[in-house]
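Engineer: okay, here's the prediction I keep looking at, along with the sequence it came from:
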Amino acid sequence: MTASLQVPLQITFRNMPRSDALDAHIRQKAAKLETFHPRITSCRVTVEELAKRQHQGRQFRIHIDVRVPGHQELVVNRDHDEDPYVAVRDAFEAIARQVEDAAREQRGDVKVHEVP
């Protein structure tokens, strides 16, 4: 990510070997998040290969935790069969929507309704 991140990007691989190619793919996707919100303070990504099932191929879970000022954590979990790149893409698309919504809300572009 760019120098504006206050906390560096953390990428963790669980139950699988670290992949330089997948790591680079995640870094590229994470860098794009800053186009939605310029003040991301942290981004943690976990790529986990789930226990193999007898009749299915590999299965992956992607967990992304992003923090921006003025908000709690923004979190996405995505499970996907066989292709960790598809799981990463889907997870980053979902977190990008949350980051964009948070930025819109902070700019006042979205009215926040009070709960009665």
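Structural biologist: Noted; the coordinates are in hand. Residues are numbered from 1 along each chain as shown.
Engineer: so where's the chain shaky on pLDDT?
Structural biologist: 1-7, 52-56, 109-116 (pLDDT under 70).
Engineer: tell me where it has helices.
Structural biologist: Assigned by DSSP state H, the helices in the chain fall at 20-33, 84-107.
Engineer: and the first one, what does it pack onto?
Structural biologist: Okay, so that is helix 20-33. Contact here means 3 or more CB pairs under 8 Å, 6 or more residues apart in numbering; DSSP states H and E; on that basis helix 20-33 packs against strand 10-14, strand 42-49, helix 84-107. No exception for glycine: its C-beta is placed from N, CA and C like everyone else's.
Engineer: distance from the chain centre to the first one, please.
Structural biologist: Same thing as strand 10-14. Distance of strand 10-14 from the chain centroid (CA atoms, centre = their mean, to the nearest Å) equals 12 Å.
Engineer: give me the number of residues near residue 39?
Structural biologist: Residue 39 sits with 14 neighbouring residues when counted by other CB atoms under 10 Å.
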